[in-house]
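pasted the sequence and its predicted model underneath.
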Amino acid sequence: MKVYYFEEVLEFLARLNEKERARISRTREFFEKYGFGIGPKYIKKVKSNLWELRAGNVRLFLGVIGGKVVGVHIVRKKSQKLPLKDVRLAEKRSKEI
């Protein structure tokens, strides 16, 4: 499954340390190979067209629009609950597609 990315997501990925970058890369490859069937350890539905791809403490938000999957936002999770501002930003970007 091909995934497209917002420029901000690619810039964030480039700033990650080597360990985090390797972990998120493996998870992204796993998702591209198996899609949404990879299981709740790696992916969680946040809203109707918004998913959270999990890799350690890094969360990549994926918007699903018209059959296309787009990485719309990425954060380093610091608490148990996702910050609402990040969810709203991811939602806003997924609607821009």
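Nice, I can see it.

now do residue 86, the pLDDT please.
What the model reports for residue 86 is a pLDDT of 92.

is it in a helix, a strand, or coil?
Here residue 86 is helix, with the state taken from DSSP: H, G, I helix; E, B strand; the rest coil.

report pLDDT for the residue most central in space within the chain.
Centroid-nearest residue in the chain, with CA atoms, centre = their mean: residue 60, separated by 1.9 Å. If you check residue 60, the pLDDT there is 97.

which helix or strand contains the nearest residue to it once chain neighbours are set aside?
Using CB to CB, 6 or more residues apart in numbering and skipping the chain neighbours, the partner closest in space to residue 60 is residue 53 (4.2 Å). (Glycine included, C-beta is placed from N, CA and C.) Per DSSP states H and E, residue 53 falls inside strand 50-55.

residue 79 now?
Here residue 79 sits in a region with no helix or strand, counting by DSSP H and E.

count of neighbours near it?
7 (other CB atoms under 10 Å).

need the phi and psi values for it.
phi -140, psi 180 (degrees, to the nearest 10).

what does residue 10 give?
Backbone torsions of residue 10, given as degrees, to the nearest 10, read phi -60, psi -40.
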